[in-house]
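J.: sequence? don't have it. structure:
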């Protein structure tokens with residue numbers, strides 16, 4: 001008799017997998033991949049006016065990379081925390097006393113106010129605000145971030161980096177800012193739009209290793225509220241009105257029958273003399289009392 005050999009173990013495993021797969025697919029729509037519908041065709045950018053030659057030189061220098069070495073400032077061990085922010089700003093003002101605008105300039109009135117600051121940065125009446133320290137370049141060392149209040153609600157934002165034992169200004173800009181924020185290694189400035197109500201500009205300044213400075217890497221205009229809308233102010237609520245005090249109703253008055261008529265009990269009313277109240281006896285005609 002020829003003995004039938006047992007099926008190999010691999011065949012049994014394969015059969016079990018197929019059985020499980022068939023059971024999992026069971027009813028329609030259970031465990032199956034379903035189409036999400038057709039997708040739109042990806043469209044790449046199309047160049048307009050391909051024959052237009054590219055510009056070779058930018059028409060305006062915006063001063064994005066106007067770096068400057070701060071004279072007379074020494075940084076110990078490459079740590080900007082060791083320098084006095086007030087001394088840094090005063091050193092820049094002394095180096096360029098006649099510059100009143102642009103990244104290197106400060107208004108004359110602001111220069112006098114900085115020179116008159118009795119306290120340090122952030123003290124009362126001093127245009128130089130409290131400094132911040134943050135690693136903006138990614139080298140593991142903090143940079144010094146300074147802000148100076150200027151006329152017309154403007155703010156000068158300056159960033160200094162320790163280099164070769166000294167200090168280099170790697171960013172300088174002046175704006176009428178809504179706020180200045182830090183996000184990662186980006187310094188973000190929010191500026192109101194005077195020409196487009198309801199919008200604001202947001203510029204993210206980022207470190208550029210090739211230029212060795214902070215550059216406005218991303219600039220966008222963002223809608224913040226519908227045009228013409230104004231913040232609603234809730235009207236003060238009126239004080240609660242106290243409940244009215246219930247008043248007692250006067251007792252009902254029984255009707256008085258006319259002369260010659262009987263009252264409710266069938267009796268005739270008593271006659272009263274003129275000027276006498278009901279129930280009183282009229283005076284006798286001879287003047288004697290009744």
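T.: Arrived safely. Please read all numbers here as calculations on a predicted model, not as lab measurements.

J.: from here on, just use CA atoms for contacts and neighbour counts.
T.: Will do.

J.: quick check: pLDDT value at residue 229.
T.: If you check residue 229, the pLDDT there is 59.

J.: typo on my end, it should be residue 10
T.: 48.

J.: what of residue 285?
T.: 46.

J.: again, but for residue 53
T.: pLDDT, residue 53: 92.

J.: count the neighbours of it for me.
T.: Residues lying near residue 53 (other Cα atoms under 10 Å) number 7.

J.: state the pLDDT value of residue 57.
T.: For residue 57, pLDDT reads 77.

J.: can you count the residues close to it?
T.: Neighbour tally, residue 57, other Cα under 10 Å: 7.

J.: repeat that for residue 37.
T.: Neighbour tally, residue 37, other Cα under 10 Å: 6.

J.: so what's it up against?
T.: For residue 37, the contact set (Cα atoms under 8 Å, 6 or more residues apart in numbering) is empty.

J.: how about the secondary structure of residue 162?
T.: Recorded secondary structure, residue 162: strand (DSSP: H, G, I helix; E, B strand; the rest coil).

J.: list the contacts for residue 136?
T.: 142-143, 184-187, 206-207.

J.: helix or strand right after the lowest-mean-pLDDT helix or strand in the chain?
T.: Across the helices and strands of the chain, mean pLDDT, DSSP states H and E gives its lowest value to helix 9-25, namely a mean of 49. Proceeding N to C from helix 9-25, the next assigned helix or strand is strand 68-69, under DSSP states H and E.

J.: elements contacting that next one?
T.: Secondary-structure packing of strand 68-69 (3 or more Cα pairs under 8 Å, 6 or more residues apart in numbering; DSSP states H and E): strand 166-175.

J.: tell me the mean pLDDT for whichever helix or strand comes after the strand it packs on?
T.: Reading on from strand 166-175 to the C-terminus, the next helix or strand found by DSSP H and E is strand 177-183. Mean per-residue pLDDT for strand 177-183: 96.

J.: isn't residue 162 up against residue 77?
T.: No - using Cα atoms under 8 Å, residue 162 is not in contact with residue 77; the gap is 9.0 Å.

J.: mind checking which of the two has more residues around it?
T.: Neighbour count, other Cα under 10 Å: between residue 162 and residue 77, residue 162 has more, with 23 against 12.

J.: skipping adjacent residues, who's closest to that one in space?
T.: Nearest non-adjacent residue to residue 162, counting by Cα to Cα, 6 or more residues apart in numbering: residue 78, 5.4 Å away.

J.: do you know how far the one you found is from residue 125?
T.: Distance from residue 78 to residue 125, counting by Cα to Cα, to the nearest Å: 31 Å.

J.: returning to what we had before: surely the residue nearest to residue 162 touches residue 163?
T.: Yes - under the criterion of Cα under 8 Å, residue 78 makes contact with residue 163 at 6.8 Å.

J.: where are the low-confidence patches of the stretch 151-290 of the chain?
T.: 226-290 (pLDDT under 70).

J.: okay, buried residues for stretch 180-190 please.
T.: 180, 186-190 (16 or more other Cα atoms under 10 Å).

J.: in CSV: those, plus distance to residue 109 and secondary structure.
T.: Formatted as CSV, these follow (distance: Cα to Cα, whole Å; DSSP: H, G, I helix; E, B strand; the rest coil):
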residue, distance to residue 109, secondary structure
180, 24, strand
186, 31, strand
187, 27, strand
188, 28, strand
189, 25, strand
190, 26, strand
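
J.: closest to residue 199 among these?
T.: The nearest member of the buried residues of stretch 180-190 to residue 199, counting by Cα to Cα, is residue 190 at 10.4 Å.

J.: can you map out the strands along the stretch 101-250 of the chain?
T.: 132-134, 143-150, 154-163, 166-175, 177-183, 186-192, 199-208, 213-223 (DSSP state E, counting those that start in this stretch).

J.: check contacts around the closest residue to residue 130 other than its chain neighbours.
T.: Nearest residue to residue 130 in three dimensions, chain neighbours excluded: residue 122, at 4.3 Å (Cα to Cα, 6+ apart). With contact set as Cα under 8 Å, 6+ apart, residue 122 has these partners: 128-131.

J.: mind listing which of the residues you listed are in helices?
T.: In helices, judged by DSSP state H, none of those are found.

J.: now that we have the residues you listed, which one has the most neighbours?
T.: Going by other Cα under 10 Å, residue 128 tops the contacts of residue 122 with 25 neighbours.

J.: if anything else comes up later, I'll come back, but that's it for now.
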